[in-house]
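Student: below are the sequence and a predicted model for it; my questions follow.
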Number of protein chains: 2
Amino acid sequence: MAVTIKDVAKLANVAPSTVSRVIANNPRISERTKQKVREAMEQLGYHPNFIARSLANQSTRVLGLVLPGSASTFSQNPFFPTVLRGLSEGAHEKQYALQMTTGQTEEEIYDGVVQMVQGGRVDGIILLYSKVEDKVMNYLKERNFPFVVVGKPYKFCEEITHVDNDNFRAAREVTDYLLGLGHDCIGFIGGDLNLVVTVERLLGYEKALREAGFDLRNEYIIHEEFLREGGREAINELMQLDHPPTALVVADDLMALGVLNTLDEMNISVPDDISIISFNNVLLAEMSRPPLTSVDINIFHLGNEAAKSLIQRVENPKEPIKRIIIPHDIVKRSSCSKLDKRA
Amino acid sequence: MAVTIKDVAKLANVAPSTVSRVIANNPRISERTKQKVREAMEQLGYHPNFIARSLANQSTRVLGLVLPGSASTFSQNPFFPTVLRGLSEGAHEKQYALQMTTGQTEEEIYDGVVQMVQGGRVDGIILLYSKVEDKVMNYLKERNFPFVVVGKPYKFCEEITHVDNDNFRAAREVTDYLLGLGHDCIGFIGGDLNLVVTVERLLGYEKALREAGFDLRNEYIIHEEFLREGGREAINELMQLDHPPTALVVADDLMALGVLNTLDEMNISVPDDISIISFNNVLLAEMSRPPLTSVDINIFHLGNEAAKSLIQRVENPKEPIKRIIIPHDIVKRSSCSKLDKRA
DNA sequence: AGTATAAATGGAAGCGCTTTTAATTGGTGG
DNA sequence: CCACCAATTAAAAGCGCTTCCATTTATACT
């Protein structure tokens, strides 16, 4: 059995309560006693037991993380480790630990969250995704358990603290940018429509086109998590149209890489034949050929702010609901060019 | 305050201890009582408090995860989310949760581990890297705290349960493969030499060359975490040699992508001018141009087995030390070709 | 000196659960 | 009809810590 507060107390000739106060650096204990107790702790190699402390305090200093189901893009997308780093640093600063739910199906994940919450394992929860109808989010909201979402909640946006980019605006800007380059046939390739981020980006794209006076063409919009096989055909179809798009807005760098790849096979050159702009600006955006023009969404900050604001909320339940928008910016590389009007 | 075991006991008209036994499904409780108690639990929406249980049991059912420092490759490498998925599924099966240490510097990470261990936060620890001299590993080994490492421990390999690929052999096979394609000038591009995996792969490469009767040429070996700028120059230098290599063994897909990119800029064609083979076979290996021939190391299994064997160890301290080798296989795509001897 | 007051520390209860030990019950067989 | 045993269930202690309340000790002020 490890050394406990009692052992320290005995050695230092004080009461356990005094030792506890020394740990908390309670001002009601004299410096002399503190010193004495600290020496005893040192000597015995004492480390406070977190579990016992948690039980007494009714607080664990642990934040729960909920990842989207395993099958999703996440499992290979560098987005993930990067937010995690942000979260991790934010949590560490305030001495919080991170714990993840594990589970493959949606149901398993939900159960995991319930366990975390009702089992008192965590003080707060971070949702690393935002889906259109999400059981987990509803549950947390109903119980009024402290949580933040990374992304924009589908509903009750004003009532849920979240940190997100302005994806709508970003998509508009990006589309405008392509428009500005002279493109008038612009396609959109997005991910899972159940994810709010996809929806937002799509809406921004549509808005920009409409504002510029263009009709939306359904054939120009492709949805799928088609990082692999699926993509090939989709792109193929797209390029077989009478007026194939001369530019594409792609909702994610990893997807864009797939698109790049497929286009190359089809002998379509980027950016000469078609321009591509994508989102996230992960490392590989810079390593692809051509390097991708991509919207840097500041993934690290997304995570970092999420952790920080959750902790605030946990430590002060009266903390008001917040919506934190992380700025984005377009990093121009070589995947977009002016439309050559000769065609 | 949440509903406790006492509330349930009161409602069911039994003692708290009985409720506890019902939770554990203790055979000493009659079916009739169990039923009664379960109904009460249901009615009150009772969920056991994990913290209290952990305190009483001296066991948390939480596994600690130690990631390499944030600056490392990890933060953008899809390796990470994939092992995590493997770990996560392995842990979930046995109802364990995962908790991460957070910390940027090596010192911070070490402190985090000590907190986890001495603070009784976790029952076991998984090291997601293996460095040449690792304070954390030494600490865990010394304390005889249950842990496994993903990768091969630098020292005490026989005394530490670990799960790894046979990277030495894989590198040899890969090099032999290139040799078999007629290449006789083969370069090696590796990551951080402090990581055991880099060393192993390098050794395998060297061994293969020596066995084939070639001298090792230092100019052919590049080390750096040069995913970005650094890489450019290194490759440049390499290709300026009198006899530039006609094939490269690259220690990681992400690196290989960078290399591919740089070579393209230099107008060197893969695989016509130079063949490339890399490791890990993450998704982007398949999405690069040309698609990379890569060693699939079964990242998911690496994580999965790590979780499973740690849990075994935790639940049975007498469990013998194990070394688990996950099989690898070379996935041939289009980045390697026979050497054209015309040159 | 004597009491009021503040400062410092000790004692004990309690956080929610498990587990050991004790008590109760209902059958059995002599 | 009662001692005796197995089967159930209850009571209480304990996990290591915090914190409320009580007690002691030092300091100040009449």
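Tutor: Nice, thanks for sending it over.
Student: what about the residue of the stretch 101-250 of chain A found nearest DNA strand D, how many residues nearby?
Tutor: Going by C-beta to the nearest atom of the strand, DNA strand D is nearest to A:Gly120 of the stretch 101-250 of chain A, at 12.8 Å. Backbone N, C-alpha and C define where each C-beta goes, glycine included. Neighbour count of A:Gly120, defined by other C-beta atoms under 10 Å in any protein chain shown: 22.
Student: hang on, it packs against A:Thr60?
Tutor: Yes: applying C-beta atoms under 8 Å, one finds A:Gly120 in contact with A:Thr60, separated by 7.0 Å.
Student: still on that earlier bit, and the residue of the stretch 101-250 of chain A closest to DNA strand D, that's in a strand?
Tutor: No: going by DSSP: H, G, I helix; E, B strand; the rest coil, the assignment for A:Gly120 is coil, not a strand.
Student: who's in contact with it?
Tutor: A:54, A:58, A:60, B:2, B:49-52 (C-beta atoms under 8 Å, 6 or more residues apart in numbering or on different chains).
Student: quick check: of those, which lies closest to A:Asp273?
Tutor: Checking the contacts of A:Gly120 against A:Asp273 by C-beta to C-beta gives A:Thr60 as the nearest, at 55.8 Å.
Student: contacts only, for that closest one.
Tutor: Applying C-beta under 8 Å, 6+ apart, we find A:Thr60 in contact with A:50, A:54, A:120-123, B:51.
Student: near DNA strand C too, which of these?
Tutor: For DNA strand C, no contacts are drawn from the contacts of A:Thr60 by C-beta under 7 Å from any atom of the strand.
Student: tell me the most packed of those residues, by neighbour count.
Tutor: Comparing these by number of neighbours (other C-beta under 10 Å), A:Val122 comes first, having 30 neighbours.
Student: what pLDDT does that one get?
Tutor: In this model, A:Val122 is scored at 97, pLDDT.
Student: I'd like to know how far it sits from A:Leu11.
Tutor: 35 Å (C-beta to C-beta, to the nearest Å).
Student: tell me which residues in the lowest-mean-pLDDT helix or strand in chain A are buried?
Tutor: Of all helical and strand segments in chain A, the minimum by mean pLDDT, DSSP states H and E falls on helix A:229-240, at a mean of 77. For helix A:229-240, burial by neighbour count (16 or more other C-beta atoms under 10 Å in any protein chain shown) applies to A:231-232, A:234-235, A:238-239.
Student: what's the answer for stretch A:206-213, then?
Tutor: For stretch A:206-213, a neighbour-count test (16+ other C-beta under 10 Å) marks A:206-209 as buried.
Student: just the CA atoms of that stretch, as CSV, please.
Tutor: Taking Å, rounded to 0.1, in the frame of the first residue of the first chain, the C-alpha atoms of stretch A:206-213 are listed here in CSV:
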residue,chain,number,x,y,z
GLU,A,206,-24.1,28.2,-52.6
LYS,A,207,-24.5,31.6,-51.2
ALA,A,208,-21.5,32.9,-52.9
LEU,A,209,-22.7,31.5,-56.2
ARG,A,210,-26.1,32.9,-55.8
GLU,A,211,-24.9,36.3,-54.9
ALA,A,212,-22.7,36.3,-58.0
GLY,A,213,-25.8,35.6,-60.0
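Student: so what touches that stretch?
Tutor: With contact meaning C-beta under 8 Å, 6+ apart, stretch A:206-213 is reached by A:168, A:171-176, A:179, A:186, A:215-216.
Student: check stretch A:185-194 too.
Tutor: Residues from elsewhere that reach stretch A:185-194 (C-beta under 8 Å, 6+ apart): A:72-73, A:131-132, A:175, A:178-179, A:197-199, A:201-202, A:205, A:209, A:220-225, A:234, A:238, A:243-252, A:255, A:259.
Student: quick one: the strands in chain A?
Tutor: Secondary structure of chain A, counting by DSSP state E: strands at A:62-66, A:97-100, A:124-127, A:147-150, A:162-165, A:186-190, A:221-223, A:247-250, A:275-280, A:293-296, A:323-326, A:329-331.
Student: out of those, flag the one nearest DNA strand C.
Tutor: Taking C-beta to the nearest atom of the strand, strand A:62-66 is the member of those nearest to DNA strand C, at 16.3 Å.
Student: adjacent strands (with direction) for that closest one?
Tutor: Sheet pairing here is set by DSSP bridges, and for strand A:62-66 it gives strand A:97-100 (parallel), strand A:124-127 (parallel).
Student: would you list those in a markdown table and tack on mean neighbour count and distance to A:Arg143?
Tutor: A markdown table is the format used below for the strands paired with strand A:62-66 (neighbours: other C-beta atoms under 10 Å in any protein chain shown; distance: least, C-beta to C-beta, whole Å):
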| stretch | mean neighbour count | distance to A:Arg143 |
| --- | --- | --- |
| strand A:97-100 | 24 | 18 |
| strand A:124-127 | 25 | 10 |
